[in-house]
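Q: Starting from these lines, generate the structure:
(one chain, ligands or ions: 1)
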Amino acid sequence: MLNFSNHNTSCFFLRAAGLPWLLAIDAGWPCTLFEYARHMKSIGCALEEIRWAVVTHFHMDHAGLVSELLSRGVTCFVFENQLEAIDAMERTIGKNYASYRTIDREKLVRVSLREAQGLFRGIGVSARVVRTDYHSTDSISFITGEGDAVVGDLPPLENAMPGDRRLRENWAALQESGARRAWPAHAPAFYSLAPMTDNRSTRR
Ligand SMILES: [Zn+2]
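A: Below you'll find the model as predicted:
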């Protein structure tokens, strides 16, 4: 799993099979394209290689660069439960970043969660998308064919309070969809999902 962390937030990339193109998963903070490109270089990638992008949810630390990627010709997919979260994100960004340009909604490619697997297969990426809406209603997790799950801001299962059914359900859905390791956005470690506990590893 290609990734880097910028301002304590990870961005991930998958290479399309047999192609020189990348799918970006989560797109960093607003107005940080220069830093983003520099970090990409440090992991052996180039900004120009990004052909597609998805985000785990529309909060500004995860989707802040979607508008800039779109304007560079990147195809940005938006899942059915995510569209309505964009307005709120952009209101918050607008208060904090004077130079932010809004997302051109017309350019977003809408995808249902059910279609996602087939769509990604079509671009050479083996992946599933699961709704994991504990953190926010628009949150999804992106699970690769190897079992790496980019989970955005989903809290670890160990944080579940007694009776916290939804968090347990989110993790159960991940496991059922083949997730073996979880890659949170703001923590350097990943959690092994087998068994479904908090087996943290420092490998990274
Ligand atoms: Zn976040």
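Q: Okay, now the sheet partners of the lengthiest strand in the chain, with direction.
A: Looking only at the chain and at elements set by DSSP state E, the strand with the highest residue count is strand 9-15. Strand 9-15 has the following strand partners under DSSP bridges: strand 2-6 (antiparallel), strand 22-25 (antiparallel).
Q: looking at these, which is closest to residue 34?
A: Set against residue 34 and scored by C-beta to C-beta, the strands paired with strand 9-15 come closest in strand 2-6, at 10.7 Å. To be clear about C-beta, it is placed using only N, CA and C from the backbone, and glycine gets the same treatment.
Q: Can you list the neighbours in contact with the closest one?
A: With contacts defined as C-beta atoms under 8 Å, 6 or more residues apart in numbering, strand 2-6 is touched by 10-15, 22, 28-29, 32, 35-36, 39-40, 42-45, 183, 188.
Q: Also stretch 82-95?
A: For stretch 82-95, with C-beta under 8 Å, 6+ apart as the criterion, the contacting residues are 30, 55, 57-60, 63-64, 78, 100, 102-103, 105, 108, 110, 136-138, 140.
Q: and what of stretch 153-163?
A: Outside of stretch 153-163, the residues within contact range by C-beta under 8 Å, 6+ apart are 56-57, 59, 62, 132, 134-136, 139, 141, 167-168, 170-171, 182, 184-186, 191, 196-198.
Q: quick one: buried residues of that stretch?
A: Neighbour-count burial for stretch 153-163, counted by 16 or more other C-beta atoms under 10 Å, picks out 153, 154, 155, 156, 157, 160.
Q: can you tell me which of these are in helices?
A: Assignment to helices by DSSP state H places none of the buried residues of stretch 153-163 there.
Q: farthest-separated two in those residues?
A: Checked with C-beta to C-beta, these reach their widest spread between 153 and 160, with 14.9 Å between them.
Q: All the helices of the chain, residue numbers only.
A: 33-42, 60-63, 66-71, 86-96, 113-122, 165-176.
Q: Sort out which residues of the last one are buried, please.
A: Buried positions in helix 165-176, judged by neighbour count with 16+ other C-beta under 10 Å: 167, 170, 171, 173, 174, 175.
Q: Please give the number of neighbouring residues around residue 34.
A: Under the neighbour criterion other C-beta atoms under 10 Å, residue 34 is assigned a count of 9.
Q: try residue 83
A: The local packing count at residue 83 equals 14, with neighbours defined by other C-beta under 10 Å.
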